[in-house]
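K.L.:
Return a 3D structure for these sequence lines:
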Amino acid sequence: METLYCACCGQPFKRSSSRGPAPLYCSRDCRRQIEVRRRTWAAMGAAVGSLGASVGASDKAWGIAALQGGGSDRDGRFARAVSA
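P.N.:
The predicted structure follows:
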């Protein structure tokens, strides 16, 4: 079986079964973490979307980056964006 990489933590893992689609996450914890992140990002997107048309496009982009915590982590790694 091929080695897969978790879409949450990036750790390599092996498929437990060749049936069905390939899993995206190495564990139930990672799958739950992504669910929490998606709900949080959706809530932040709604909050940024409610800023209104008076804010310029570049100001909205900076607002999104600030709310989502763009930049590097404490250990210097950049956060990975996961599309919904």
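K.L.:
Tell me where this structure has strands.
P.N.:
3-5, 12-14 (DSSP state E).
K.L.:
would you turn those strands into TSV with mean neighbour count and distance to residue 49?
P.N.:
All C-beta atoms are positioned from the backbone trio N, CA, C, and that covers glycine. Below are the strands of the chain laid out as TSV (neighbours: other CB atoms under 10 Å; distance: least, CB to CB, whole Å):
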stretch	mean neighbour count	distance to residue 49
strand 3-5	12	32
strand 12-14	11	36
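K.L.:
closest to residue 48 out of these?
P.N.:
strand 3-5 (30.2 Å; CB to CB).
K.L.:
Select the longest helix from this protein.
P.N.:
helix 28-49 (DSSP state H).
K.L.:
can you pull the alpha-carbon coordinates of it into CSV?
P.N.:
Provided in CSV are the C-alpha atoms of helix 28-49 (Å, rounded to 0.1, in the frame of the first residue of the first chain):
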residue,chain,number,x,y,z
ARG,A,28,-10.0,10.7,14.1
ASP,A,29,-8.4,13.6,16.1
CYS,A,30,-7.1,15.2,12.9
ARG,A,31,-10.5,14.8,11.2
ARG,A,32,-12.2,16.5,14.1
GLN,A,33,-9.6,19.2,14.2
ILE,A,34,-10.2,20.1,10.6
GLU,A,35,-14.0,20.1,11.2
VAL,A,36,-13.4,22.7,14.0
ARG,A,37,-11.1,24.8,11.8
ARG,A,38,-13.7,24.8,9.0
ARG,A,39,-16.4,26.0,11.4
THR,A,40,-14.1,28.7,12.8
TRP,A,41,-13.0,29.9,9.3
ALA,A,42,-16.7,30.0,8.2
ALA,A,43,-17.6,32.1,11.2
MET,A,44,-14.6,34.4,10.6
GLY,A,45,-15.5,34.7,6.9
ALA,A,46,-19.0,35.8,7.9
ALA,A,47,-17.6,38.3,10.3
VAL,A,48,-15.2,39.8,7.7
GLY,A,49,-18.0,39.8,5.1
